[in-house]
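Visitor: Structure, please.
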Amino acid sequence: MIELTKNERVAVIFLLVILTAGLGVVAYQKTRPCARVETDNFETGRTEDVISVKGKIDINVATAQDLERLEGIGKSLAGRIIAYRDSQGRLASTEELKNVKGIGDKLFDKIKDRISAE
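Guide: From the prediction side, this is the model:
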């Protein structure tokens, strides 16, 4: 058997308690249901529950990559949306996207169910 001093026994017990608590947290996280959250945006350094609220992309916080996931929006159009948002401030409604060059009624009708202006 290994001979331990009193301080060593206290340290081992402390580490075992921490290990047990950590395993309990991991087990709890695996069993509780949680919503899918989009994270890890390297462009701005954000790691928040970004863009997706009830499956919609919030055009007031979305990055170019987020916007490019929408049908009909490529890199340059996503850049124009962000430039418009930067110059005009938060968009009051999704309809305001029509003010961006390249977004007409037809494209807006394609994406309107997938966007929000929270």
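Visitor: name the helices or strands packed onto the longest helix along the chain?
Guide: Determined from DSSP state H, the single longest helix within the chain is helix 6-31. The contact analysis (3 or more CB pairs under 8 Å, 6 or more residues apart in numbering; DSSP states H and E) places helix 6-31 against no helix or strand. In short, each C-beta sits where N, CA and C put it, glycine included.
Visitor: Distance from that helix to the middle of the chain?
Guide: The chain centre lies 31 Å from the centre of helix 6-31; the measure is CA atoms, centre = their mean, to the nearest Å.
Visitor: With stretch 93-104 instead?
Guide: 23 Å.
Visitor: And stretch 96-112, by the same measure?
Guide: From the chain centre to the centre of stretch 96-112 is a distance of 24 Å (CA atoms, centre = their mean).
Visitor: Now do the end-to-end distance for that stretch.
Guide: One end of stretch 96-112 sits 11 Å from the other (CA to CA, to the nearest Å).
Visitor: Can you list the buried residues in it?
Guide: Neighbour counts over stretch 96-112 (16 or more other CB atoms under 10 Å) mark 96, 97, 100, 103, 107, 108, 111 as buried.
Visitor: Export these as CSV, with columns for distance to residue 64, secondary structure and pLDDT.
Guide: CSV is the format used below for the buried residues of stretch 96-112 (distance: CB to CB, whole Å; DSSP: H, G, I helix; E, B strand; the rest coil; pLDDT from 0 to 100):
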residue, distance to residue 64, secondary structure, pLDDT
96, 18, helix, 93
97, 14, helix, 92
100, 13, coil, 93
103, 15, coil, 93
107, 16, helix, 93
108, 18, helix, 93
111, 15, helix, 92
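Visitor: mind listing the strands for this structure?
Guide: Ranges of strands in the chain, per DSSP state E, are 52-53, 56-58, 115-116.
Visitor: Quick check: which of these is nearest to residue 4?
Guide: The closest of the strands of the chain to residue 4 is strand 52-53. By CB to CB, the value is 51.6 Å.
Visitor: hang on, the earlier thing: quick check: which of the strands of the chain is nearest to residue 16?
Guide: Here strand 52-53 is closest among the strands of the chain (CB to CB), at 40.0 Å.
Visitor: That's all I had, so thanks and see you.
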